[in-house]
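> Using only what follows, build the 3D model:
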Amino acid sequence: MTYLEVVFRYGAVPGETELRAIDGVREVYGIRRVEFNDKDRTVRVEFDASRLKADAVSRLLRQAGVDVRERLAMA
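Numbering: from 1, shown residues only. Coordinates of the predicted model:
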């Protein structure tokens, strides 16, 4: 397993419905952790790169209702 992190900026603040849907994203095989930073409006996802790609992670977030805007470069 090769774990990577990806950070996305989001627009609209996720509501209760979106946060419940994120629980489903956490159950996807290969997703290890999902963390929101409300101050910076970012979501950080740790995932197994041998199972998923960053594009698939952003698609999962969008399907959960998160207003993903852009992928940020890791510093």
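> R51 touches Y3, doesn't it?
No - using C-beta atoms under 8 Å as the test, R51 is too far from Y3 to be in contact (10.2 Å). Just so you know, the C-beta spots here come from the backbone N, C-alpha and C atoms, and that holds for glycine as well.
> Check the secondary structure at the most centrally placed residue in the chain for me.
In the chain, the centroid-proximal residue (C-alpha atoms, centre = their mean) is V45; its distance is 4.6 Å. Put simply, V45 is strand when judged by DSSP: H, G, I helix; E, B strand; the rest coil.
> For L4, see how far away it is.
9 Å (C-beta to C-beta, to the nearest Å).
> Ok, S50 next?
10 Å.
> Looking at the two, which one has more neighbours?
Higher neighbour count among S50 and L4: L4, with 16 against 10, using other C-beta atoms under 10 Å.
> which non-adjacent residue is nearest the more buried one?
For L4, the nearest residue in space outside its immediate sequence neighbours is A49; the separation is 4.6 Å by C-beta to C-beta, 6 or more residues apart in numbering.
> repeat for F8
V68 (4.9 Å).
> contacting residues around the one you found?
F8, R9, Y10, V43, S58, L61, R62 (C-beta atoms under 8 Å, 6 or more residues apart in numbering).
> helix or strand for the last one, which one?
This points to R62. Per DSSP states H and E: R62 is located in helix 54-63.
> Now the element after that helix, going C-ward?
Taking DSSP H and E, what comes next after helix 54-63 is strand 68-72.
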